[in-house]
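> curious how this folds, go ahead:
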Amino acid sequence: MADSIASADKVAPNPTGLSDRYALALLGLADDRRATDPGALDRIAADLERVLGLWQQDADFQGFLADPRLAAREQMRGAFPVLERIGVGMEVRNLVGVMITNRRLGKLPEVAAAFGAKLAERRGQQIVTVTTAHSLNDTQRAQLVARLTEAGYSGIRLSERLDPTVLGGLVVRIGSRLYDNSIKSKLQRLQFAMKGAA
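Residues are numbered from 1 along each chain as shown. Coordinates of the predicted model:
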C-alpha cells in the first residue's frame with residue numbers, strides 16, 4: 001500500500017469545497033509525516049475513521065460538539081480527552097481543533113468522506129457506500145465484496161452508513177450507480193403499484 005502512495009504523482013490539487021480543503025490539508029500533513037513515519041498515512045486514516053465512528057455512534061458526543069452555545073475552548077476541553085482516550089493521534093486531534101475553532105465540526109462526516117475518497121483514489125480503490133439499517137458483520141462484508149468482485153468491480157473499499165429508515169436490506173452506491181435493495185424501497189414500489197391498480 002505504501003508503495004502505491006509513494007509513487008503517486010504530486011499534482012497540485014484543486015479543492016472544490018470546504019470538505020475537500022480540510023481533507024487535502026490532512027492528506028498533505030500525512031505526506032509530510034511519511035518522511036519520518038512510513039505508516040503515518042494509514043495511522044491518520046485509521047484515527048479519522050475512529051473519530052467518525054465515535055461521532056456517528058455517540059449521540060451525546062455529537063450533541064456536545066454541535067452545541068452552538070458552547071465556546072470553542074470549552075468544546076476542545078471536552079473533546080480532546082475523549083479523543084486521547086480512544087487513541088486518536090495528534091494530527092487528527094489538531095484537525096478537530098481547527099474545525100472547532102472555525103465552527104465547522106458539523107462537516108466532519110463530509111471531511112472524512114472526502115479524505116477517504118482521495119486516499120482510495122491514490123490507492124486505485126473504488127469506494128462503495130453501503131447503507132443499511134444495522135451494522136454489517138465481517139461475513140456479510142466479505143460476501144458483499146465477493147459479489148461486487150464477481151460483478152466486475154475491483155479494488156473495493158467499503159464505506160458503511162447506518163440509516164434505520166431503510167428498515168432492512170441495503171443500498172449500494174458505486175460512483176454514480178445506485179443499487180437499492182432496501183425494504184423501504186420495496187414497500188414504496190408496492191405502494192405505487194397499489195395506487196396504480198386502484
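> output the lengthiest helix in the chain as PDB, restricted to C-alpha atoms.
Assignment by DSSP state H gives helix 40-57 as the longest helix of the chain. Extracted in PDB, the C-alpha atoms of helix 40-57 (Å, rounded to 0.1, in the frame of the first residue of the first chain):
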ATOM      1  CA  ALA A  40       1.700   7.800   9.000                       C
ATOM      2  CA  LEU A  41      -0.900   7.800   6.300                       C
ATOM      3  CA  ASP A  42      -2.600   4.500   7.400                       C
ATOM      4  CA  ARG A  43      -2.400   5.700  11.100                       C
ATOM      5  CA  ILE A  44      -4.000   9.000  10.300                       C
ATOM      6  CA  ALA A  45      -6.700   7.400   8.100                       C
ATOM      7  CA  ALA A  46      -7.500   4.900  11.000                       C
ATOM      8  CA  ASP A  47      -7.600   7.800  13.500                       C
ATOM      9  CA  LEU A  48     -10.100   9.700  11.300                       C
ATOM     10  CA  GLU A  49     -12.200   6.600  11.000                       C
ATOM     11  CA  ARG A  50     -12.200   6.200  14.700                       C
ATOM     12  CA  VAL A  51     -13.300   9.800  15.300                       C
ATOM     13  CA  LEU A  52     -16.000   9.400  12.700                       C
ATOM     14  CA  GLY A  53     -17.200   6.200  14.300                       C
ATOM     15  CA  LEU A  54     -17.400   7.900  17.700                       C
ATOM     16  CA  TRP A  55     -19.300  10.900  16.000                       C
ATOM     17  CA  GLN A  56     -21.800   8.500  14.400                       C
ATOM     18  CA  GLN A  57     -22.400   6.200  17.300                       C
END
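> elements contacting that helix?
Judged by 3 or more Cβ pairs under 8 Å, 6 or more residues apart in numbering; DSSP states H and E, helix 40-57 is in contact with helix 2-6, helix 18-33, helix 59-66, helix 90-101, helix 108-122. In this view, the C-beta of every residue, glycine as well, is placed from N, C-alpha and C.
> can I get those helices in a markdown table with mean pLDDT, mean neighbour count and distance to residue 128?
Below are the helices and strands packed on helix 40-57 laid out as a markdown table (pLDDT from 0 to 100; neighbours: other Cβ atoms under 10 Å; distance: least, Cβ to Cβ, whole Å):
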| stretch | mean pLDDT | mean neighbour count | distance to residue 128 |
| --- | --- | --- | --- |
| helix 2-6 | 35 | 12 | 19 |
| helix 18-33 | 91 | 18 | 19 |
| helix 59-66 | 83 | 14 | 25 |
| helix 90-101 | 92 | 19 | 24 |
| helix 108-122 | 86 | 20 | 10 |
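> just put those in a markdown table and tack on distance to residue 135.
Shown next, in a markdown table, are these (distance: least, Cβ to Cβ, whole Å):
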| stretch | distance to residue 135 |
| --- | --- |
| helix 2-6 | 29 |
| helix 18-33 | 24 |
| helix 59-66 | 16 |
| helix 90-101 | 22 |
| helix 108-122 | 16 |
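> now do the phi/psi pair for residue 177.
Reported as degrees, to the nearest 10, the phi and psi values for residue 177 are phi -90, psi 140.
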